[in-house]
Structure formats: C-alpha cells, structure tokens
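>>> coords below, sequence missing:
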C-alpha cells in the first residue's frame, strides 16, 4: 500500500518535471548511499539558488523513497526533510499540498522513518501557504499513527513544535476539531518527563486554555496530565547548555493550572494536599499558586474550599520558621480576601467576605488578647494582610479589630499591642482612613500621643513609625502640592517652607539628604538627591509670591547648596573619582533649576548681593559667605584642567544668568574671558557646555573648531528655542517679538559663507546650526526662504549626523506641500536623499523621511509621476521594517504613490 501510494506521487511529479538533473542526482546518491550528511546542506543551497525545485528533488529521490529497505527510505525522507527545514518559506501552495500528502502517508511506514517524517512536517507546519484543512489533516495523522511517548526526545519535541506552529497560524481549523484535539494532545503529552519538552507542552496547554479551545468532557483529563508535575521538583545539571531553570518550569505550569475556572474544583483540593508536604519549595509553590488563583477566581469557585484553605494558611504562618513561607502565606491570604471583595452581593446570599474575615479574626483574636504568647506577631501580620487586601476588607477589619486593640492598649503598655492599630489607619493606601478609624480618631490619637510620651523606647518608635511619618507626608504634600486657596497662607509661610527646606539640607536634621550625600556617608543614591532637588525647586517657586521666602533662600539655602556642591567637587578632585552623589553631573544638573528659580525671584538688593558673592566665589575663590567655611583660602573653580571644580560653572550660570536685567554683574569682562577660556580649552563636556551657555557672542567663531564645533552648533537650538536653563522669560531673558526671524536674517548669510569656506569635515557643523535655526522659524518664513536654502538643506540630508538629518526632515516635511515651484529643479536630488534615509539606522529618521515621501506624492502630478516606479520599488524594503511605526508610515506612503496616475487615484 505504501509503495503504491509513493509510486503514484512520484509518477505525478515526473510528469510535471523536466529532464533529469545529473548534479542533483549526484548529491542525492552521495547522501543516501554514501552516508555523506554534508550533502544535505549543498542540496539546500542549490534549491535556494534556483538550480532546481523541490519537486525535482523529490523526483531525484524516487528510487530511494520506494526502496524495499527501511533504512534507504529513511535516508531519502531525511534528506527531503533537512532541505525543507531550510527552504520551507519558498514553497508554493501546490507543492505544500503534495508534500503533506506524501508525509502523512509515510507516518504509516516503518518506525525508523517516523523521526524524519516529523521533521518534515515540522517544517511544513511553518509554511504561510498551508492549504485549507491541512492543519486538521496533519494532526489527525499524528494522533492516529504516532505513539508520541515511544519516540525519542527530539521527535517528541517536533510533535509539540508542530502543535504550536499550527495553533499560531491555523487556530480556527484546530478549534473545529473540538474536544478531539484536547484528547489527542492529552494522549501525546501523557508521561512526558524531559524539561525541555515540558516547556513546549505547557505552552500548548496555555494556548488551549487562554485562546478559548473547547475542553469538552476532557477538562479533568487535561488537568490531570499537567497537574501531575505539580509541584515542580527540578535541579538543572551543572553546565546545562539549555539554561532551563526550575523557576521557568514553575511559572509555566502555574499559568496552565490557574488559567481557567474549570480547573478550580480539581486544583484547590490539590493545593490543600500539597501544603501538607514537608518540602519547603512545595509549600511556597502551592501558596504562590493559590495567590495566583485569587486573581481570576470568584467567590463561587472558592466558597466551598475557604475553611480548608484558611486552615492551611494559618498553620503555615503560625508554625513556619521560614520568612519565605510566611510571606507566601500572607500573600495568598491577601489574594483570597481581594477575590472575595470583588463578589457581588444579592439579597438572598450572605457576604462571603465578611464570613471569611470573621473566621480569620476568630482564630487570631485569642492571640491578640494574650500578648505574652509568641503567636501575637503572626496573628497581627495575618490581620494586616487581610485588612490591606481591599478597601472593603479594611472597613470590616477596622470595625472588628480596632475596639479590641484599643481596649487592650488601655490596660497594657506593651509594644506588641500597640503595633497592630497602625495597620488599620490606611492599610490600603487610599489616602484616607476607614470610617471606623475616623469615628475612633480621639481614641487613636490619644493612644498615639500616649505612646510617644511613654518611657519605653519601643513604644515611642512604634508610635513614630505609625503616625509621625504620616504627618510628615501630609505636611510635605501641603507645602509642595496643595492647591486649595484656603491653605495658601500655610503653604507660603516662611516658617513652614524654611523649616522644610532646611530639613533637606541641614546636617543636623535626620532627613538631611544633601548633607549626607556631600559627606559621602549618607547612603543616598543619585536618584534620591535628584528627588530632593525637585522638592527644593518647588519650594523655591513660592519665593515669587513672598519676599521673605526669597530672602531665606538667598541667605540660607543657596549658600548651603553652593557649599555642599563645592565640598563634593573638591573631594572628587582629591580622590580622582566621584565619591559623593553631589559631584555627579545628574545632581548638578538638578541643582540648576533650584538656584535659577530662587535667584530669578530675588529683589534688587538681594540680587546684587548674590551676583557679587557668586562672581567673587568663581573668580577669586572667595568662600567667606559659605556656611561652615572649611575650604582652602584660594579655590580655583574655572580652571579647564580641573574637572570637579570646573563642573560647578553650571551653578554660576544658574545664579548669575537668571538675575533681573537691572542687576549689574561685577567684573563682567574678566568673567567672560575666563568663561571663554573654559569653553575653548576644557576637555570636559559638562564644563564647557555650561560655560558656553553663559554667553553666545563667540558661537560663530567656534563653529570651525574641530572638537567644539558640533556642540556649538547644538547651541543654536538653545538660542532659537525656549531653553529651560536660562534663555526664558522666567529668568528675565529679553525675549522680543520676532527675534527668531531677526536672528535668521542677520546670521544666515554668515552660516552660508562659513559653510562654503569650511573644510569638508567641518561643514556638518554649519549645516547642523542652519538646520536648528530654520526648524524653529515660523512656517511662512520657511516658505519664503526655502528656494535659497533648499540646496543647503539637501546637503544637510547627506550629513552623517542623525540629529542634523532629523532636524532637516522636520523642517522640510510641512513645507513640501506649499512651495512646489521651489522644489522643481531640486526634486530629483530630494527624492534620492529621502529614499536613502528611509533605511537609516535611526527609527525617527526613517519615519520622518517616509512622511516626507508621502507628502511628495501630493505635489502636482506632472512633477512627481516620473518618480513613481522608482519610489514604489524603494518603499518595498520599509514595508518589512522591524518597527511597526515605520511599517505603518511606509504603507501610507506607498498607497499614496501607488494610486498616483491611476484612474482611481487623485
């Protein structure tokens, strides 16, 4: 039967093929008879290069495929399968149909051929041109003709891979099999033990559950065939090349077991059973799985099992010596309570949440009333976990627990009894306590203040943690965030803002984060200190409305900030490394808006004093106005070769450049000379960038500098846009009407002349500067100047700097539709450059260039129609771009160009 079917296939192929290919026959003969495995690779290469087709290959294999020797037939099928694994994507639907019929038939052949057949089917299952119904046909053949668990590991892996591929590409076909598909999978996976294959099997099971396959009457069978591995007990061998971990297996199986409500009646008893295990990992896995169940189950699935589940959780928390087990138990309890909190009540049913919480309190109440017992802490943590699960649970628990605890506290002053109430003030982080706590606020406050006045350090510490931190949080929110007009006087009170600000920078204060950071022993990260700076800036913003707050910043905060930053900079200079977060560039960058915001709000007298003190500090090293003065008498802050101190030039910029224009800057000429020297000779990017921001007169002369030119060109963007550092109205910059247009008309010719005379490697600096200027001009000015600027903008598109490319494209995109006359003579060059940029390494450049190509299609048809074929060909590559946004823009552009000139087009 097998030989007859194979002959029929071969005869059909022979009628469809041309003459025999001798080179192909040689490769086949050497692989099949000569056992030369490398010939498979050569055969695949020949097929890829078009020397022959897959049907010619099958024809060449004809005699080996109908051989009476199973080994010979196996070698023939093996060669075909190896080639298909490399070339399956190039097959046509007809070729796939013929090959599938051949392979399905070969599954009935000798068992030594089966592994090679499965490899071939694995390759064909990935084809995008699978004929309709072929997915069902493949699976029926496998389920009927192959006993999967009798195969070797690699062959079983092939079966699971076939299932995954078909589920991804032919989901509706497989769903049409109904429960037969589930039964076939259960039979295939039953008994699997290899962890690599188990991951694949669990993936198939997850797809079945999450994609809505009909489990039919095989719900329990599917659960049994997967739950038999729970809990996972796997220790990877040393130097495992596959890298499979126990955690990976655990999470994969957990996703299967908790994926459907239909497993609940089987899974929950299993979890209770496994919690009795003596193996700690099994307990943790069971509790974590129970917590995952709480996220998808409802009270209907949990109801009958709640007493048993609570008993197991309580036992583990009470008896365990492992923090991991206790934590998992508390998480499981919280998940169960959260699940019950979502239940919808009706008039005929009891509140399952309240019933369960009463059960929890009943078992914990005794231990809370006997504080000498060792179970008081586990009981408190269980109650806190239940209360923190939801707002509903916090209401119920507060109502049940607070009276008990307040009564106990009134008759005892031990720390354990006082600690639990703090968990019910706001256990769920809602920002407001439960109503039960509000009703008892007098008793609660009395307890807190009583504890603070006790001689017991433990009680004082507990009360502080419970309530003082909340008070500080509310005060912080009041100072920084509150917008209520009735609180404006409190928010702007110098005593409040001053105390809060000094608390952030005072070394005597426990929250003195900046001081601790400067000393290098506070344990604060860069992120912590940057957060403090944000808080200081928000306080400084209040100085605009209150002269007293501004004076406080001038006399206290700014000098202390300068002193701390100087201390950190000198420390990093001496050690050769950044030992303090305050010497980090990110922190210095965060200090700039603090100083500039505070200095911008100073009155004239205070501003003049600040200017004199800051200039004296940076020019002469005068540190006399800094608090706790322990610095060298002559500090050199503007030396180009000193990285740490020279970085502080950013604070000079913040303190001086933000002052009102009426304030006279002392020794201005000398200061500018020093800044010029630092800008031109400092090797440190942060230092010379901020030095350059202090003045703009030398920008044009610095464009030709090989090292500074690119950064100077970037400075034109700062000049033409609203810079957050200095060049804005809030820092008293003189922003006049139409200044961008005037700057362009006065300086564009200088840039063009500089570009024409510059060396080739420096031309990009001028193009970058011009691009930033033009990109910030109003649209109408861009349209007016486009004819003269277009050649230079086209040059900018060829610049290797991706920032220049993007800025130029953003400039061109909006004007392409409005100035077609200017584009006429340059359209050829523009199209070429835009198509070249559509394959740029930068995603934003690719997207913007495609947007420009899209815009070109809307120009007059006579102008752009000659480019249609060229553009359509070039746009085929972006259609396969790995980024979705690029593909989206390419589709829109290609659609517009495709309709160009067609009868149905515009």
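That came in fine, so what should we check first? In this text, all values refer to a predicted model and were calculated from it rather than measured experimentally.
>>> From start to finish, how long is stretch 792-804 in a straight line?
Distance between the two ends of stretch 792-804: 12 Å, counting by Cα to Cα, to the nearest Å.
>>> Could I get the buried residue list for that stretch?
Going by neighbour count (16 or more other Cβ atoms under 10 Å), the buried part of stretch 792-804 is 792-799, 801, 803-804. Yep, even glycine has a C-beta here, placed from its N, CA and C like the rest.
>>> which stretch of helix or strand covers the residue lying closest to residue 148 once chain neighbours are set aside?
Leaving out its chain neighbours, the residue that sits closest to residue 148 by Cβ to Cβ, 6 or more residues apart in numbering is residue 188, at 4.1 Å. Element membership for residue 188, per DSSP states H and E: helix 179-189.
>>> likewise residue 844?
Assigned by DSSP H and E, residue 844 belongs to helix 843-856.
>>> elements contacting that helix?
Secondary-structure packing of helix 843-856 (3 or more Cβ pairs under 8 Å, 6 or more residues apart in numbering; DSSP states H and E): helix 802-812, helix 827-837, helix 884-899.
>>> pLDDT averaged over it - what is it?
Averaged across helix 843-856, the pLDDT comes to 89.
>>> mind listing what's buried in it?
Within helix 843-856, judged by 16+ other Cβ under 10 Å, the buried ones are 844-856.
>>> if we can go back for a sec, deepest of the helices and strands packed on helix 843-856, which one?
Burial of the helices and strands packed on helix 843-856 is given as mean neighbour count (mean count of other Cβ atoms under 10 Å); helix 802-812 ranks first at a mean of 23.
>>> And that helix, what does it pack against?
Packing partners of helix 802-812 (3+ Cβ pairs under 8 Å, 6+ apart): helix 763-775, helix 779-797, helix 827-837, helix 843-856.
>>> Dump those helices into JSON lines; add distance to residue 872 as well.
Output for the helices and strands packed on helix 802-812, formatted as JSON lines (distance: least, Cβ to Cβ, whole Å):
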{"stretch": "helix 763-775", "distance to residue 872": "29"}
{"stretch": "helix 779-797", "distance to residue 872": "21"}
{"stretch": "helix 827-837", "distance to residue 872": "11"}
{"stretch": "helix 843-856", "distance to residue 872": "11"}
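>>> which one of those lies closest to residue 139?
Checking these against residue 139 by Cβ to Cβ gives helix 843-856 as the closest, at 40.4 Å.
>>> Report the angle between that closest one and helix 779-797.
120 degrees (axes from the mean of the first three to the mean of the last three Cα atoms, to 10 degrees).
>>> Return the member of the buried residues of stretch 792-804 nearest to residue 370.
residue 803 (70.6 Å).
>>> any idea of the pLDDT on the closest residue to the closest one other than its chain neighbours?
Once flanking residues are discounted, residue 803 sits nearest to residue 768: 6.9 Å by Cβ to Cβ, 6+ apart. pLDDT for residue 768: 79.
>>> tally of neighbours for residue 768?
Neighbourhood size, residue 768 [other Cβ atoms under 10 Å]: 26.
>>> Check residue 742 too.
11.
>>> need the contact list for it.
By Cβ atoms under 8 Å, 6 or more residues apart in numbering, the contact set of residue 742 is empty.
>>> just residue 169 next, same as before
Per Cβ under 8 Å, 6+ apart, neighbours of residue 169: 125-126, 128, 130, 135.
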